[in-house]
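Novice: got a structure for you, letters missing:
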Ligand code: MD3
Ligand code: FE
């Protein structure tokens with residue numbers, strides 16, 4: 001385990017190849033039930049290059065009219081989200097939060113997808129760490145400080161890696177600069193899947 005910054009813990013190779021394959025099977029089943037959708041920016045409606053779906057009681061969605069939010073149903077089908085993959089809970093346990101996660105956001109990156117620098121601040125339970133699981137192609141990940149202008153560093157994230165974003169790093173700006181296509185054979189057609197487990201509401 002490597003502490004990249006205060007509260008930002010990097011667990012390289014947390015999931016072995018067989019476990020990664022199990023997680024991919026679970027994500028495929030989830031996406032069959034809750035299809036990937038293209039989120040859109042609040043107000044402008046500009047589409048994200050990353051496609052998404054969710055597992056858990058609550059899912060993160062965004063569109064022009066409603067903006068960023070968590071909701072209990074799929075934005076296109078209206079159905080409840082599928083269950084969080086059982087193996088993903090092993091990563092959640094590393095975050096040390098007493099209550100279970102409510103959301104597992106599934107991000108799918110094709111070779112050209114990116115995610116701009118942002119903070120994760122749509123959760124009322126801001127004391128709970130966000131737990132990230134990377135699968136498939138590696139990416140160049142960027143993280144900075146609690147203001148957009150603070151200096152940033154970049155690091156690569158590989159298939160099977162887990163990142164715990166808690167403590168002082170919970171509100172740090174971060175994003176995905178680019179994929180490294182062909183860096184993994186886990187997904188036959190390439191691409192990257194990131195699962196982020198989140199506690200949304202304050203427990204109790
Ligand atoms: C915050 N996803 O969905 S994983 C997101 O790889 C998101 O798909 C990225 O940002 C992805 O909101 C990043 C979570 C993560 C990892 C490292 C961080 C968030 C971080 C380091 C500092 C601050
Ligand atoms: Fe984020």
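Specialist: Everything's here; your move. These numbers were taken from a predicted model, which means no experiment stands behind them. Numbering: from 1, shown residues only. Ligands and ions are numbered 1, 2, ... in the order given.
Novice: Could you use CA atoms for every contact and neighbour count after this?
Specialist: Fine.
Novice: Show me what the top helix by length along the chain is packed up against.
Specialist: If you go by DSSP state H, the chain has its longest helix at helix 17-33. If you count contacts as 3 or more CA pairs under 8 Å, 6 or more residues apart in numbering; DSSP states H and E, helix 17-33 packs onto no helix or strand.
Novice: If you average the pLDDT over the helix or strand following that helix, what comes out?
Specialist: Using DSSP states H and E, the helix or strand that follows helix 17-33 in sequence is strand 51-55. For strand 51-55, the mean per-residue pLDDT is 99.
Novice: Can you give the contact residues for strand 51-55?
Specialist: Strand 51-55 is contacted by residues 30-31, 34-39, 59-60, 81-85, 103-109 when judged by CA atoms under 8 Å, 6 or more residues apart in numbering.
Novice: now the longest helix of the chain against strand 51-55, angle please.
Specialist: 100 degrees (axes from the mean of the first three to the mean of the last three CA atoms, to 10 degrees).
Novice: Would you mind listing the outside residues contacting helix 17-33?
Specialist: 53, 55, 82, 83, 85, 87, 88, 106, 135, 159, 160, 186.
Novice: Buried residues of it, list them for me.
Specialist: 20, 21, 23, 24, 26, 27, 30, 31, 33 (16 or more other CA atoms under 10 Å).
Novice: circling back to that earlier point, just give me the closest of the contacts of helix 17-33 to ligand 1.
Specialist: Among the contacts of helix 17-33, residue 106 lies closest to ligand 1 (CA to the nearest ligand atom), at 7.6 Å.
Novice: doesn't residue 194 make contact with the closest one?
Specialist: Yes. Residue 106 sits in contact with residue 194 when judged by CA atoms under 8 Å, with a separation of 5.8 Å.
Novice: Which residue of those two possesses the greater neighbour count?
Specialist: residue 106 (25 against 21; other CA atoms under 10 Å).
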